[in-house]
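Chemist: Sequence and predicted structure are below.
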Amino acid sequence: MEKLKYALYTGCTARESTPELLKSTMAIADKLGIELVLLDEASCCGASHLQDFDENLSLTLNARNICYAEKLGLTMVTICNTCQLNTAMTKDRLDTDPKMKALINANLKEVGLEYKGTSEVKHFLYALQDDFGYDNIAKMVTNPLSDINIASFYGCHNIRPSHLQNKTNGKENPYKPVSLDNLVLALGGNAVDYESKNKCCGFHVELQNPTTANQLSANAMTDAIDNNADVMVTPCPLCHLRMDVQQHGISKQAGREVNIPVLHLPQMVGMALGIDPKDLGLQHNIVQTGLNLGI
């Protein structure tokens, strides 16, 4: 198998609020033999808020980030659903709107860059699924997650809008997504089927209405718990922050105890590959797994 190489756009959260995500991503990439080139020059994607205030700036910032992947001649991979959405929306807009592309390139010229549209943008989850292959991952599993019931939580921005995300997510069905569940199975785990796996966690409404945010998280998490999940896993650090860090408020809103570990996607993969828990940053998760990982 030819070695895979990508330009990694980390976004802000994986470097600051959830550094264990970046740490575990690099750990599993090294284990799988995938080369990730960090785009250290890249900036924030705008977190699905900037475009509401300044569309031109939002497009310019995201196009600038893509330019760095283009300069390397590599596909850009993301590890945040919201970063994926904002970057993919920018690429789609500039690739289909010549006038806007010219306007944004006029801005980029000031910093010596030009957006060309030559780099694909995809979430690391789908790089693992479509490029590396789950069959190949399964062959490398040394610590199968056979005794763990894992509830996959997809969140919103990796699977919606489907007309945009289907370009790079293996045509994932936003109503019945399977990519994470299939990865759980490849790692030897038990995939929990529950209705709320493709719902919103509430992150983007938290500042305006924390009650609604807690209710949205509670809906998904109690659904997973009621379907016998031992842990949850998500490919989005924003979903992780909401559901791992805020369980006290979520429990209060739910009117019942909500106490369940929430793993980052690469942490789950790393567990099955036998990587040391410290190298996966598991000690930084707020709710600890309490599982005998056998590592």
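Modeler: The structure has been received and is ready for your questions. This structure is a prediction, so every number in the text was calculated from the model and none was measured. Residues are numbered from 1 along each chain as shown.

Chemist: According to the record, where do the domains of this structure fall?
Modeler: The chain breaks down by automatic domain parsing into domains covering 5-122, 143-284.

Chemist: Rebuild those domains as JSON lines, extending it with mean neighbour count, mean pLDDT and distance to I137.
Modeler: To be clear about C-beta, it is placed using only N, CA and C from the backbone, and glycine gets the same treatment. Shown next, in JSON lines, are the domains of the chain (neighbours: other CB atoms under 10 Å; pLDDT from 0 to 100; distance: least, CB to CB, whole Å):
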{"stretch": "domain 5-122", "mean neighbour count": "19", "mean pLDDT": "96", "distance to I137": "7"}
{"stretch": "domain 143-284", "mean neighbour count": "20", "mean pLDDT": "97", "distance to I137": "5"}
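
Chemist: quick one: which of the ones you listed is nearest L128?
Modeler: Of all these, it is domain 143-284 that lies closest to L128, at 7.0 Å by CB to CB.

Chemist: can you tell me which helix or strand Y6 belongs to?
Modeler: strand 5-9 (DSSP states H and E).

Chemist: what sits up against that strand?
Modeler: 25, 34-39, 42, 65, 68-69, 72, 74-79, 83, 87, 119, 124, 127 (CB atoms under 8 Å, 6 or more residues apart in numbering).

Chemist: Quick check: Y68 touching L38?
Modeler: No. Contact criterion CB atoms under 8 Å: Y68 and L38 do not qualify, at 10.1 Å.

Chemist: one step back: sheet-wise, list the partners of the strand holding Y6 with their directions.
Modeler: When sheet partners are counted by DSSP bridges, strand 5-9 sits next to strand 35-38 (parallel), strand 76-78 (parallel).

Chemist: Now distance to Q215 too, for the ones you listed, in JSON lines please.
Modeler: Formatted as JSON lines, the strands paired with strand 5-9 follow (distance: least, CB to CB, whole Å):
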{"stretch": "strand 35-38", "distance to Q215": "37"}
{"stretch": "strand 76-78", "distance to Q215": "28"}
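
Chemist: Would you tell me which of those strands gets closest to V231?
Modeler: strand 76-78 (23.2 Å).

Chemist: neighbouring contacts of the closest one?
Modeler: Contacts of strand 76-78 (CB under 8 Å, 6+ apart): 6-9, 11, 36, 39, 65-66, 69, 84, 87, 119-124, 127.

Chemist: Could you point out the helix or strand that follows it?
Modeler: Next along the chain from strand 76-78, counting by DSSP H and E, comes helix 81-96.

Chemist: Convert that next one to CSV, retaining C-alpha atoms only.
Modeler: Provided in CSV are the C-alpha atoms of helix 81-96 (Å, rounded to 0.1, in the frame of the first residue of the first chain):
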residue,chain,number,x,y,z
ASN,A,81,-16.7,18.9,11.8
THR,A,82,-17.2,22.6,11.8
CYS,A,83,-13.8,23.3,10.3
GLN,A,84,-14.7,20.7,7.6
LEU,A,85,-17.9,22.5,6.9
ASN,A,86,-16.5,26.0,6.7
THR,A,87,-13.5,24.9,4.5
ALA,A,88,-15.7,22.8,2.2
MET,A,89,-18.2,25.6,1.8
THR,A,90,-15.4,28.0,0.9
LYS,A,91,-14.0,25.6,-1.7
ASP,A,92,-17.4,24.9,-3.2
ARG,A,93,-18.2,28.6,-3.4
LEU,A,94,-14.9,29.6,-5.0
ASP,A,95,-14.8,26.6,-7.4
THR,A,96,-18.3,27.5,-8.7
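
Chemist: Can you name the residues that contact the closest residue in space to T25 that isn't next to it in sequence?
Modeler: Closest residue to T25 apart from its sequence neighbours, by CB to CB, 6 or more residues apart in numbering: P266 at 4.6 Å. Each residue near P266 by CB under 8 Å, 6+ apart is listed here: L21, S24, T25, A27, I28, I79, F124, L280.
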